[in-house]
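J.: sequence and predicted structure, then a few things I'm wondering about:
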Amino acid sequence: MISIRPYREADPAAVEALLDRSFGPDRQKKTVYRLREGVAPVKELGFVAFDNKALRGSLQFWPILVRPLQSCGPPVAALLLGPLAVEPAYAGRGIGMGLMRVGLQRAKQLGHAIVILVGDLPYYSRVGFHREGAEGLRLPGPVDPNRLLIRELVEGAANGLEGLIEKPDGSGAEVTVAAGHREAAP
Ligand SMILES: CC(C)(COP(=O)(O)OP(=O)(O)OC[C@H]1O[C@@H](n2cnc3c(N)ncnc32)[C@H](O)[C@@H]1OP(=O)(O)O)[C@@H](O)C(=O)NCCC(=O)NCCS
């Protein structure tokens, strides 16, 4: 039976190996990794799926800021969902959805208001992500705009949201977006 629990200190090595298997060794070249470099994931929002003491899935969230480009307003805090990975042999058993439901519920409990990700709309729409409201967001690198998705955890939190997505310290956004380039996954 699959169970989901929060990350423990001993998990990172197994998680990194799972991510390499799921996304390939080039995964760190993706634009979203520019936002993760040198930044710790949100500690309370790391979850793993286990079965017979073996890791079968993993989900993490990173803190980000959306810095308005059209106004002088302050940056808006949000979460970047991912990476989400499930052991290929265990795909299709609800592990990915289970991890996201747990993670999003906990994020809401902790007071986070906005979650952003780069991924496949047909999959992530199952847990409430959509394109509407993400049109004005820019990432610090190439990404397919159709894969930039958003979900509010607090109603109205993303009203009028636009701007450049940055690391929490305001760095990582030096490169402008070349719209239309496809980014494989979060
Ligand atoms: C994508 C991934 C996380 C899905 O995890 P999972 O545990 O197999 O997913 P679930 O069992 O919760 O959901 C399975 C359902 O989602 C669908 N699905 C899976 N990946 C999908 C995708 N990229 N686009 C649309 N639908 C998808 C499946 O067809 C299945 O549909 P069904 O319920 O109608 O049969 C997993 O396959 C994975 O780790 N892939 C490699 C890494 C990756 O690409 N991650 C990010 C995805 S953008």
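T.: Yep, that arrived.
J.: can I take it that Arg56 is in a helix?
T.: No: looking at Arg56 with DSSP: H, G, I helix; E, B strand; the rest coil, it is strand, so not inside a helix.
J.: how many residues are close by it?
T.: 22 (other C-beta atoms under 10 Å). Backbone N, C-alpha and C define where each C-beta goes, glycine included.
J.: roughly how far does it sit from the ligand?
T.: 9 Å (C-beta to the nearest ligand atom, to the nearest Å).
J.: how about that residue, what does it touch?
T.: Neighbouring residues of Arg56 by C-beta atoms under 8 Å, 6 or more residues apart in numbering: Ile2, Ala49, Phe50, Val86, Glu87, Tyr90, Ile95.
J.: what is the burial count for the fourth one?
T.: Burial of Val86, expressed as a neighbour count using other C-beta under 10 Å, amounts to 23.
J.: what's the closest of the contacts of Arg56 to Leu121?
T.: Lowest distance from Leu121 to the contacts of Arg56 (C-beta to C-beta) belongs to Val86, with 18.4 Å.
J.: check contacts around that closest one.
T.: Val86 is in contact with Ser22, Ala49, Arg56, Gly57, Ile95, Gly96, Leu99, counting by C-beta under 8 Å, 6+ apart.
J.: please, which helix or strand holds the last one?
T.: Going back to what we said before, that points to Leu99. helix 95-109 (DSSP states H and E).
J.: give the rounded mean pLDDT of that helix.
T.: Average pLDDT, helix 95-109: 98.
J.: give me the subset of the contacts of Arg56 lying in strands.
T.: If you go by DSSP state E, these have Ala49, Phe50, Val86 in strands.
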